[in-house]
Each structure stands twice: as C-alpha cells, then as structure tokens.
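> let me see the structure of the following:
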Amino acid sequence: MSLKLKSNNNWALCPVDILLVVFKKLDIKSLLNCMNVNIYWRNTVEYYCEHVNLWKAMLQNAIDDEGVTFAEKSNLGEREQFLIAQQWYNVTNTNVCLRHCYKFDSSIRNIYVHKDNLIVVTNNAVKYFNIMNFEHIKVIDKSCVRYEETSSMIVELLVAPEQKLSPLLTLTNKLHANYVDSENVKQIILKDIDSYIVHLNSCYEYSCDRVLWMHTAKEIGWETKAMAKYHGIQQFCSLHIYKKNVYILLKCGSVLTPDTECNMLVFLFRFPEQLIDWKPFMFHECSLLFKAPAPSERSVALVQTRRHNSFVKIMPLRDGVTCVLEHGHILILGREDGMIEIYLTRKLMDPSEANFPELKLNLMNYLCKPEPKSELSLRITALEIHEDIYTGHHLFVSTMFNIYELLL
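Numbering: from 1, shown residues only. Okay, the predicted model is just below:
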C-alpha cells in the first residue's frame, strides 16, 4: 500500500539529500511505493534510479512479465518503458481518438507489433507497415496461419504442402550472422506441432507426440532441448509462460509444468471447472479466463485464479469475447459486438476490487464513416499494442478487413 503524505508533513518536502540516503536503504518494491507518495518524491525516485541505474530492476518488478512485451513492442529505453507502463494505471482518464485505419482486400488472420512495425497476416501475404508514418515497408508473398517477429527470431506457421493435417513451423534465427554457414544452421523447420509460444530468445513447442521442446536462438545457431514428456491421456488445451515458467493446460482443467530433472511433465494443480466451448485463456501465473455453463444463459465467461491452493471465481463476463491480449500488467478483451474492455491484472484477480474494466470502448464510436451493421464488420478478431513515450499507447484493433489504430 502506498503512503500519501499531506503537504504540511515534514516528510512530504524532506530535503533531497536526506531522501536519497533513505532510498539507498530500500528495496525495489519500496521504491515503487515511494513513487506514489507525491510528485516531489516521484521525481526524487526517478533521479535516484537514473543515477544508480535501477530502471531495469524497476521495470521487472513493476510489470507482470518483467517488461518483455514493452521491450518488443516499442523502441524505448528501460526508463521510458517504465514510465509508459505506469501510465496504464491512469487509463481510465485517457482521451481516445482514431489515429489511422488500415484497409485490406483479403481477410486478416493475425496482427503483430515488433518495435515500430505493424505486421499484418492476411490470407495470401504478410505485410509490414511503419507505425510512425503508415508507410508500407514490404510484402512477403506467403500464406501463413501465423507470423511473428521478435528481436531474436522470425516465426512462421505455414500451411503444410500436400494437405497434411499438421502445419509447418519455421524458425529463423536473427542472431546468427555467420553467412558462411548453410541456411539449415540459421533456419529450422518443425513438423507435427500441437502448439507453440515465443518468449525472449526461445520458442517453446508442444509436439503432437506430447513432448515439450525448447528452441533457443543463439549467435552460433539453434540450441534445441527436449524439456519434458507428458505420459497421460488427457487432451492438450494451451501453452502458457509466466516469468520463464512454462505451464501446459489440459482440457480436463489440469495444469502441468516440466520437471527437467526427470524429463517429465508433472501435475501442478487443477482448475475445478471442465473447460468447454471457447478456448480458455491463461494469464498472469495461475489465472484463467474461460466459458462455463450458467443457469440462465448458454454460458458465461469467468475469471478464476489460484491463490494459496484454493480457487476464487473473480468475475463473470458477458458472453461474446472473441480475443484476449495480455500486455504486461494489462488484460484487453475484444468482443464480437465491437466492444473493448481494458483491465488491470492485479485488480482483475482481487475479489475485493470492483468488477469493472478500467476503460470500456465501443469501436463503432471511432469509425470514420458508418459501416454496414453486419456481424463481421465490428467483430474483433485480434488486438495489439505499440508503446511510444510521446504519443502514448497505440491500440490496434483488427476486424475481418480493417485495422483501426486508436490512441489512448
């Protein structure tokens, strides 16, 4: 809990040199609390962090994923990443406006942000745009199910030739710069993929034969490691990473984690609910957004979190959630009716907090001109974020043929 001091309190305007002596004795969590005392203390904490090079530690402690998404979705330094992350706590009071609308002839499959590039995956190509000036940078004539780029790799999920059941996953190492080596050293192609997720310099792959693999991009090439194998019979549901810890969610509600010593996926805990219909979304460490039966409706969306070996249903959500984006300490929900809801993760998991989003938007209010009121025109299919210290949060909202860039 942060301390609020009155302006006539002796500590409120304590001399800077005394505050700096005090700050040297504090841990990172205490320094974060000190930033909420008043503007004077906040400025002094910033001065202290700048001179003792604490911004990386502050960023890692202030954001759920230790600032990984903020680093990949901006060109900002650690100080600016921390400051822009803090602005999300005041998103309730922000003014929202439409900055740009990207229109496409073919349907949009996915969107991704890497640094200052918007990557759009359509049915027949992958297109890069410069977020700052909307310039169309390049086109890759390739049909991808998914395509994403990070600082260390490019990941392509391709439709397999000869109509095979499982698509092909291609990983390209951006860190490997030895052009003498063959292309096979820089690029690997994986088959029989059930799911995958990219985190830092590694791509975690869960194969159809129930083995969890880790492919790490290094300057000398790829390092591949079989982390663990699942020996049970329950069906796989999704793959999740929180602070380098890997979790596998099964459709029965069980959560597994790799035990690298015995090379097995071991049982960690089980969500009480049977997961149905809509694919659940696991976020933070042990929280789940999923659909469950309700007495008066077909289903209701629920958030359930594991705390001290017990489970708490945090809040019911209306049906119709079509996509979810976890961005550091923020959770953004897109709906089939064009509604967007932004939540702070810590509040979402706290039963004592009010069950309301920090910000609720209706995409219809930001359209340049009226569009046909069809089911597909406002149905949100993907969400992405770009961070900029000068212009703020860029929220990209994808429908079937358009991408709307909203400034928050």
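> run through who's touching the top helix by length along the chain.
Under DSSP state H, the helix in the chain containing the largest number of residues is helix 39-52. The contact list for helix 39-52 (C-beta atoms under 8 Å, 6 or more residues apart in numbering) reads 12-13, 16, 19-20, 23, 31, 34-36, 54-55, 58, 79. For every residue, glycine as well, the C-beta is placed using N, CA and C.
> would you agree Leu383 is in contact with Thr399?
No: Leu383 is not in contact with Thr399 according to C-beta atoms under 8 Å; the separation is 11.1 Å.
> for whichever helix or strand comes after the longest helix of the chain, C-alpha coordinates in CSV please.
Once helix 39-52 ends, the next helix or strand along the chain (criterion: DSSP states H and E) is helix 55-62. The C-alpha trace of helix 55-62 is given here as CSV (Å, rounded to 0.1, in the frame of the first residue of the first chain):
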residue,chain,number,x,y,z
TRP,A,55,15.5,1.2,-14.3
LYS,A,56,15.8,-2.4,-15.4
ALA,A,57,15.1,-3.7,-11.9
MET,A,58,12.2,-1.2,-11.5
LEU,A,59,10.7,-2.4,-14.8
GLN,A,60,11.0,-6.1,-13.9
ASN,A,61,9.3,-5.6,-10.6
ALA,A,62,6.5,-3.2,-11.8
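> which other helices and strands contact helix 55-62?
With contacts taken as 3 or more C-beta pairs under 8 Å, 6 or more residues apart in numbering; DSSP states H and E, helix 55-62 sits against helix 28-34, helix 78-86.
> out of those helices, indicate the one that is most buried.
Comparing the helices and strands packed on helix 55-62 by mean neighbour count (mean count of other C-beta atoms under 10 Å), helix 78-86 comes out on top with a mean of 20.
> quick check: angle from it to helix 39-52?
150 degrees (axes from the mean of the first three to the mean of the last three C-alpha atoms, to 10 degrees).
> other SSEs contacting helix 78-86?
Counting by 3+ C-beta pairs under 8 Å, 6+ apart, the packing neighbours recorded for helix 78-86 are helix 39-52, helix 55-62, helix 68-72, strand 382-388.
> want to throw those into a markdown table with distance to Tyr204?
Listed next are these as a markdown table, based on distance: least, C-beta to C-beta, whole Å:
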| stretch | distance to Tyr204 |
| --- | --- |
| helix 39-52 | 33 |
| helix 55-62 | 20 |
| helix 68-72 | 14 |
| strand 382-388 | 21 |
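> any idea which of the ones you listed gets closest to Ser254?
helix 68-72 (26.4 Å; C-beta to C-beta).
> quickly list what Met282 is bridged to.
Met282 forms beta bridges with Leu288, as assigned by DSSP bridges.
> that one: neighbouring residues, count only.
Around Met282 there are 23 other residues, counting by other C-beta atoms under 10 Å.
> I'd guessed it sits against Val246; true?
No: here Met282 does not reach Val246: they are 11.3 Å apart, not a contact under C-beta under 8 Å.
> between those two, what contacts are shared?
Here Met282 and Val246 have His240 as joint contacts, going by C-beta under 8 Å, 6+ apart.
> wait, what's in contact with the closest residue to His393 other than its chain neighbours?
Nearest residue to His393 in three dimensions, chain neighbours excluded: Leu408, at 4.1 Å (C-beta to C-beta, 6 or more residues apart in numbering). Listed by C-beta under 8 Å, 6+ apart, the contact set of Leu408 reads 91, 94, 96, 359, 392-395.
> this completes my enquiry, with thanks.
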